[in-house]
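Participant: Predicted structure and sequence below. I'll ask about it afterward.
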Amino acid sequence: MAVIEQTPPAVNRPQPSTAAPKKGLRGHWHLYAAISPFYLLFLAFGLIPVGFSLYLSFHRWDGLGSMEWAGLSQYQYLLSDSDFWQSIGNTIVIWALATFPMIFLAMVTAVMLNSAVRFKNAYRFAYFLPNVTSVVAIAIVFGSIFSTNFGLVNALLQAVGLDQVAWLNTPWGIKVAIATLMTWQWTGYNAIIFLAGLQTIPSDLYEAARIDGAGPVQTFFRVTLPLLRPTLLFVLVVSTVTGLQSFSEPQVLLQTTANESTFSGGPDHAGRTMVLYFFQQTFDNNDFGYGAAVAWGIFLVVVLFSIINWRLVQRRGEQ
Amino acid sequence: MASIKGSGRRGIALHTSLIIGVLLSAFPFYWAVIMSTHTSSEIFSYPPKLLPGSHFMENVRSLFDTIDFFGSMWNSLLVATLVTFLVLFFDSLAAFVFAKFDFPGKNMLFALLMLIFMVPAQMSAIPQFVIMAKIGWIGSMTALIVPAAANAFGIFWMRQYMRSAIHDELLDASKLDGANFLRQYWHVALPVVRPGLAFLGIFTFMGQWNDYAWPLIALTNPDNVTLQVALSQLNGTHGTTDYGMVMTGAVLALIPLLIVFAIGARQIIGDLAKGAVRG
């Protein structure tokens, strides 16, 4: 127990690793052996499939017949495919609608949890619960909350004399419903991550700030936020990577209103995220070659977006 | 300011805000449970029912008649448990290496890992499907378990955790005592990072329990699916949906997750929280 109590629950504290004396490859064989299970599995079920997917994206293939060389035509079509661009727009809007409120709420919650003295563990447990759910189950629940005819949100609106909103039938309603689900599910999780980061900040820094006459707001922006930057980076990168790949939420939430396909993303395809579009092209249309090209398009968008977010957070910290 | 935290007027405001947050977090659970006790027509009625009804057992019965609930739950349990143990072992071992040792090619290998993390699982879905069809894994649980054992997020997470949690002095001391790499991993590193492992374990289990897209593709036999796929089959697409039954399924599917969380929560909440008490 004593060992555990010594543990700073840090998430990202930069620390130089023990510099082993320079030895040849042979001196490090045990290290390579230790990381090899991951890289072997990754080779078989990650790298080779990814390479195959690149190969596939230069072909036409329906999954059954023979492959036919298509050159760059899949990518040419991808660039001019307005449905794909729409799915990028949908994904980014949903991601932004979910992520910014989520990070703000998570930080506020973490700061509050950090200063609460009583019921600490009970709060943590409760805040973490939304993440302990299956997306499918919770999407079904949110589907009923946002349902037009018998949904709880509309019942509330009606009760205060406002008009009902056809949440799952309008482009913005769909996006708001999906984003609400994601925010609900991930705020507590990120609050706990932020809390772990907050706990690594030495308390004498707060004391020093107080002696210098800083108020709570100043303390937050001058002490807490800069020191929380590595954690913020972690949270942002993870939410970018997972958020831009959202699939289950829109798929389950909107499959009841979809007539043409279970991957169509609702009326006007307003909830058709990039990954949903990938599924639709691949498994509904049996267009495996084009599906592969779409997947590479998604990858590019995710990497670009992650780099932009990374840069933004780092630069803000440098000021 | 800080000296009066948790008490007085500011304390009341703090706890009020926190409790509102708790209620918002908990509400969808409550709502799902309430709906699982009503018939579909009661659910569709206005004003919405906010108190429990009396049709829970009927909903359970029609749920069990419609899908093989326990069969698919067993499949989910099997997959999630096996994957969790594999990931915890492989990832903590690799993370230990990345966090605490230097070797040629380390940065390149780690950069590769981060890149993998950003590759959408969907990108390799088609080729994976083709490969697994070739080796005959499609339709079997192996198709879900083996690829999931390579989890890039887990290595990223454990590495970050180990960098700060395992002190270099501790490793140096154990080395002086003659501990080799495996002993350092097992007797020095693992005990210190138990909270981090619990965190990763719970997430891996939940991630697998919840995985939906890949099982949807890989488990081609409708009689042999995981719980999430079975549940989604209940929802919509067939025209008339028995919402009471669907909700009952959703609620029952959460129970194993809640049990796992309750077991692991002491690690996450308890041990991670200890830092705060000290701080």
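Facilitator: Nice, I can see it. As the structure is a prediction and not an experimental result, all values here were calculated from the model.

Participant: any weak-confidence spans in the stretch 151-300 of chain A?
Facilitator: A:256-261 (pLDDT under 70).

Participant: Could you pull up the contacting residues of residue A:91?
Facilitator: A:244, A:246, A:273, A:274, A:275, A:301 (C-beta atoms under 8 Å, 6 or more residues apart in numbering or on different chains). Where you see a C-beta, it was placed from the backbone N, CA and C, and this is true even at glycine.

Participant: where does the residue nearest to residue A:255 when sequence neighbours are not counted land in three-state SS?
Facilitator: In space, and not counting its chain neighbours, residue A:255 is closest to residue A:262: 4.7 Å by C-beta to C-beta, 6 or more residues apart in numbering or on different chains. State at residue A:262, reduced to three classes by DSSP: H, G, I helix; E, B strand; the rest coil: coil.

Participant: Burial check on residue A:262, number of neighbours?
Facilitator: Residues within reach of residue A:262, counting by other C-beta atoms under 10 Å in any protein chain shown, total 20.

Participant: now swap in residue A:165 and tell me
Facilitator: Other residues lying near residue A:165 total 18 when counted by other C-beta under 10 Å.

Participant: what do you get for the one 10 residues further on?
Facilitator: Burial of residue A:175, expressed as a neighbour count using other C-beta under 10 Å, amounts to 23.

Participant: contacting residues around it?
Facilitator: Residue A:175 touches A:90, A:93, A:94, A:97, A:270, A:271, counting by C-beta under 8 Å, 6+ apart.

Participant: Equivalent analysis for residue A:235, please.
Facilitator: A:103, A:106, A:190, A:193, A:194.

Participant: Show me the strands in the stretch 1-150 of chain B, by range?
Facilitator: Using DSSP state E, counting those that start in this stretch, no strands are assigned anywhere in the stretch 1-150 of chain B.

Participant: what residue ranges in it are flagged as low confidence?
Facilitator: Low-confidence segments of the stretch 1-150 of chain B, defined by pLDDT under 70, span residues B:1-7.

Participant: Three-state assignment for the one residue sitting closest to the centre of chain B, please.
Facilitator: Centroid-nearest residue in chain B: residue B:206, 2.0 Å away (criterion: C-alpha atoms, centre = their mean). Assigned with three-state DSSP, residue B:206 falls in the helix class.

Participant: And it, how far from residue B:245?
Facilitator: Distance from residue B:206 to residue B:245, counting by C-beta to C-beta, to the nearest Å: 24 Å.

Participant: What of residue B:196?
Facilitator: 40 Å.

Participant: Kindly report the same for residue A:141.
Facilitator: Distance, residue A:141 to residue B:245, by C-beta to C-beta: 14 Å.

Participant: One more: residue B:58?
Facilitator: From residue B:58 to residue B:245 the distance is 9 Å (C-beta to C-beta).

Participant: The two: who's more crowded?
Facilitator: Comparing residue B:58 with residue B:245 by other C-beta under 10 Å, the one with more neighbours is residue B:245, at 24 against 15.

Participant: and that one, what is it in contact with?
Facilitator: B:40, B:59, B:62, B:63, B:66, B:234.

Participant: shouldn't residue A:297 be in contact with residue A:83?
Facilitator: No: in this structure, residue A:297 is not within contact of residue A:83 by C-beta atoms under 8 Å, at 11.6 Å.

Participant: out of the contacts of residue A:175, which one sits closest to chain B?
Facilitator: Chain B lies nearest to residue A:271 out of the contacts of residue A:175, by C-beta to the nearest C-beta, at 14.1 Å.

Participant: Could you tell me how far stretch A:161-181 lies from the centre of the chain?
Facilitator: What separates the centre of stretch A:161-181 from the centre of its chain is 21 Å, taken as C-alpha atoms, centre = their mean, to the nearest Å.

Participant: Quick check: buried residues in whichever helix in chain A runs longest?
Facilitator: For chain A, the helix that runs over the most residues, judged by DSSP state H, is helix A:82-115. For helix A:82-115, the neighbour count (16 or more other C-beta atoms under 10 Å in any protein chain shown) marks A:84, A:86-88, A:90-95, A:97-99, A:102-103, A:105-115 as buried.

Participant: same thing with stretch B:120-129?
Facilitator: For stretch B:120-129, the neighbour count (16+ other C-beta under 10 Å) marks B:120, B:121, B:122, B:123, B:124, B:125, B:126, B:127, B:128, B:129 as buried.

Participant: Endpoint to endpoint, it covers what distance?
Facilitator: Distance across stretch B:120-129, first residue to last, is 15 Å (C-alpha to C-alpha, to the nearest Å).

Participant: now what about that stretch, what contacts it?
Facilitator: Residues lying outside stretch B:120-129 but in contact with it, judged by C-beta under 8 Å, 6+ apart, are A:45-46, A:48-50, A:52-53, A:56, A:245, A:247, A:275, A:278-279, A:282, A:288, A:291-292, A:295-296, A:298-299, A:302, B:138, B:147, B:213-214, B:217-218.

Participant: circling back to that earlier point, so which of the contacts of residue B:245 are in helices?
Facilitator: Secondary structure from DSSP H places B:40, B:59, B:62, B:63, B:66, B:234 of the contacts of residue B:245 in helices.

Participant: so how many other residues sit close to the fourth one?
Facilitator: Put plainly, it is residue B:63. Neighbours of residue B:63 using other C-beta under 10 Å come to 24.

Participant: and the gap between it and chain A?
Facilitator: Look at residue B:63 and chain A: by C-beta to the nearest C-beta, to the nearest Å, they are 13 Å apart.

Participant: Give the helix, strand or coil label for residue A:245.
Facilitator: Using three-state DSSP, the structure places residue A:245 in coil.

Participant: Need the phi and psi values for the residue lying closest to it once chain neighbours are set aside.
Facilitator: Sequence neighbours aside, residue B:120 is the residue nearest to residue A:245 in space, at 5.0 Å (criterion: C-beta to C-beta, 6+ apart). Backbone geometry at residue B:120, expressed as degrees, to the nearest 10, gives phi -60, psi 140.
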